[in-house]
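Enquirer: Take a look and give me a structure for this.
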Amino acid sequence: MMALNRYRLRHLAKGQHQGAKRAAELLERPDRLIGLILFGNNFVNIVASMLAAFIAWRIMGEPGLALAPFVLTVVILVFAEVAPKTLAALHPERVAFPAAIILKPLLKFFYPIVAAINWLANGVLRLLRVFPANVDPQQLSTDELRTVVNEAGTLISHKYQSMLVSILDLEKVTVDDIMVPRNEISGIDIEDEMDEIIELLVHSQHTRLPLYRGDVDNVLGVLHLRKVLQPLEHRELDKDWLLENASEPYFVPLGTPLNTQLRNFQRQRQRIGLVVDEYGDVDGLVTLEDLLEEIVGEFTTDPADQSPDVHPQDDGTYLIDGGANVRELNRSLRWELPTDGPKTLNGLVLEYLESIPEPGTSLLIARYPVEIVQVSGNAVKTARVKPGMRRPLPPPVDDDS
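Expert: Residues are numbered from 1 along each chain as shown. Below is the predicted model of the structure:
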C-alpha cells in the first residue's frame, strides 16, 4: 500500500478503477491504515508465538520451549515478512488493490481499536510537533518534475521530453534572452524618402515592422505588411496612409519571464512587442515566434553552418560573430556557455576581460578556448571558438588491468 505510485494511483482512480479508488481512500489517512495493518500484524505474531510455544511444549517438553522462538523467527521472517513484502514492493498494484478489498471493511470493523491506537500514537507525535491529520498531498516541485520528465525513458520521445523541459524552463528565461537587440531591429523611419520606404517594404523578410520617427524610441505603431499590398499595387501608398494604418505599439517591460509574456501575448492578442527598460527606452523586440521557438525549437531547418553568425572551419573551430546570441549558440551547437550574464558572445568576452581586447587575444570561457580575430570600434566583431575542451576526457583504460 505504501509503495504505490501516488500519481499513477490518482490517475487510475480518476479512471474509475475500483481497486485504485479503494486504495486511494485508505491512503487519505495513512496513520489509520498503518494502525490497522500493524494491529493485525502484531496480533497474529503474538498468537503465532503462543501457539508455537504450546505445540513445542506438547511435543518436546521444556527443550521445545527453548527451540520454538528460533524456529518461529525463521518462519515469520521468510514467509510472513521478507518474501511477501518483497513481492509487494516489486508489484505493489497487484497486491495492494486486492488487499484494499479486505482492508477497507476491516478498518470499519476494528475502527474503535484503531482509533484508540492512533489517538495514543498521535499524542506522542503531537509532543514532537508532528500532526498526522495535516499531511499535505505529495507535490512535485519544478526541478523534481523536470527530473521525472528526463527519466521517462522510452515512455516519452526525446523530442517531446525537450519540449516539456523547455516549458518548465520558461519561468527562468526572460524576454531579454530572446529579444532582437535594438541595433538589429528592422523598421520604417517615416522621415525617410518614400522610395526608400517602398524598397524596404518590398524586400522585407518580416510580416510586421515598427513604424517610428527618426529613432526607434519614438515609435508610432506597427505596420502589418499584408495591408500594404493593395495600395502598393495601385500606387496609392504614401506616408499619411502608413500613419493611419499602423496599429498601436505593444510594449513589454524588460525582464518579463517568458511564461508571463506568453500569457500576455495571448491575453492582448499580440504577436510582437517592443521591450522597454525602466526609462521607457526601447532595448529590443520580441515576437511570439521567438517565444514559441524556446519550446519547440527553431521553425526553420537551416543547420548551424548556414547561420549568418556561425562559420565552421576545417580545423573544427568556429568563426562566430560577436553579436551572436549565447542561448542560440548553446542550442544550435550543443554548447554550455554561461547564460546568466551577457546575452551575446561579445558581452561574454568584455565581461571576462573587463576591457576592449586586441586581435589575437586568447581566453578561456567555461572551458571553451576563445581567440579574438577582429575588433571593430569598442566591440568584438569576430571570435574563433574551439569546442574541444567543453568536457574533460575520460581517463585511459589499462588493457592489462
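Enquirer: List the buried residues for the longest helix seen in the chain?
Expert: When the chain is scanned for its longest helix (criterion: DSSP state H), the result is helix 30-60. For helix 30-60, burial by neighbour count (16 or more other C-beta atoms under 10 Å) applies to Asp31, Arg32, Leu33, Ile34, Gly35, Leu36, Ile37, Phe39, Ala52, Ala56. (Each C-beta comes from the backbone N, C-alpha and C, glycine too.)
Enquirer: Save those as TSV, and put in distance to His91 too.
Expert: Conversion of the buried residues of helix 30-60 to TSV gives the following (distance: C-beta to C-beta, whole Å):
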residue	distance to His91
Asp31	25
Arg32	24
Leu33	19
Ile34	21
Gly35	25
Leu36	22
Ile37	18
Phe39	25
Ala52	30
Ala56	35
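Enquirer: For His11, state which of those is nearest.
Expert: When the buried residues of helix 30-60 are compared for distance to His11 (C-beta to C-beta), Leu33 comes out closest, at 20.4 Å.
Enquirer: one step back: so which of the buried residues of helix 30-60 would you say is closest to Asp340?
Expert: Out of these, the member with the shortest distance to Asp340 (by C-beta to C-beta) is Asp31, at 44.6 Å.
Enquirer: Wait, the closest one touches Gly123, no?
Expert: No. Counting by C-beta atoms under 8 Å, no contact exists between Asp31 and Gly123, whose distance comes to 11.9 Å.
Enquirer: For the least confident helix or strand in the chain by mean pLDDT, list every residue counted as buried.
Expert: Each helix and strand of the chain was given a mean pLDDT (mean pLDDT, DSSP states H and E); the minimum falls on helix 142-150 at a mean of 77. By 16+ other C-beta under 10 Å, the buried positions in helix 142-150 come out as Arg146, Val149.
Enquirer: try stretch 102-118
Expert: Along stretch 102-118, these residues count as buried under the neighbour rule (16+ other C-beta under 10 Å): Leu103, Lys104, Leu106, Leu107, Phe110, Val114, Ile117, Asn118.
Enquirer: Check stretch 279-293 too.
Expert: By neighbour count, and taking 16+ other C-beta under 10 Å as the criterion, the buried residues in stretch 279-293 are Val282, Asp283, Gly284, Leu285, Val286, Thr287, Asp290, Leu291, Glu293.
Enquirer: same thing with stretch 207-223?
Expert: Using 16+ other C-beta under 10 Å as the burial criterion, the residues of stretch 207-223 that qualify are Arg208, Leu209, Pro210, Leu211, Tyr212, Val216, Val219, Leu220, Gly221, Val222, Leu223.
Enquirer: Relative to Leu170, which of these is nearest.
Expert: Arg208 (22.9 Å).
Enquirer: count of residues packed around Ala68?
Expert: Other residues within reach of Ala68, judged by other C-beta atoms under 10 Å, total 20.
Enquirer: Residue ranges of each domain in the protein, please.
Expert: Following the assignment in automatic domain parsing, the chain carries domains at 6-134, 140-172, 175-295, 304-389.
Enquirer: relative to its centroid, which residue of this protein is most remote?
Expert: Counting by C-alpha atoms, centre = their mean, the extreme residue of the chain relative to its mean C-alpha position is Gly61, 68.5 Å from that point.
Enquirer: residues contacting that residue?
Expert: Taking C-beta atoms under 8 Å, 6 or more residues apart in numbering as the criterion, Gly61 is in contact with no other residue.
Enquirer: Quick check: it vs Leu90, distance?
Expert: Taking C-beta to C-beta, to the nearest Å as the measure, Gly61 falls 42 Å from Leu90.
Enquirer: And Ser141, by the same measure?
Expert: Using C-beta to C-beta, we find Ser141 at a distance of 28 Å from Leu90.
Enquirer: show me where pLDDT drops low in the chain?
Expert: By pLDDT under 70, the low-scoring segments of the chain are 132-139, 153, 298-307, 388-401.
Enquirer: Near Glu248, how many other residues are there?
Expert: Glu248 has 10 nearby residues by other C-beta under 10 Å.
Enquirer: With the flanking residues excluded, which residue is spatially nearest to it?
Expert: In this structure, Glu248 finds its nearest non-sequential neighbour in Gly221, 6.2 Å apart by C-beta to C-beta, 6 or more residues apart in numbering.
Enquirer: thinking the one you found is in contact with Glu244, fair?
Expert: No. With contact defined as C-beta under 8 Å, Gly221 does not count as touching Glu244 (9.6 Å).
Enquirer: all strands for the stretch 51-200 of the chain, in order.
Expert: Under the criterion DSSP state E, counting those that start in this stretch, the stretch 51-200 of the chain contains strands at 180-181, 188-189.
Enquirer: To Leu128, which of those lies closest?
Expert: Of all those, the one in closest proximity to Leu128, counting by C-beta to C-beta, is strand 180-181 (57.4 Å).
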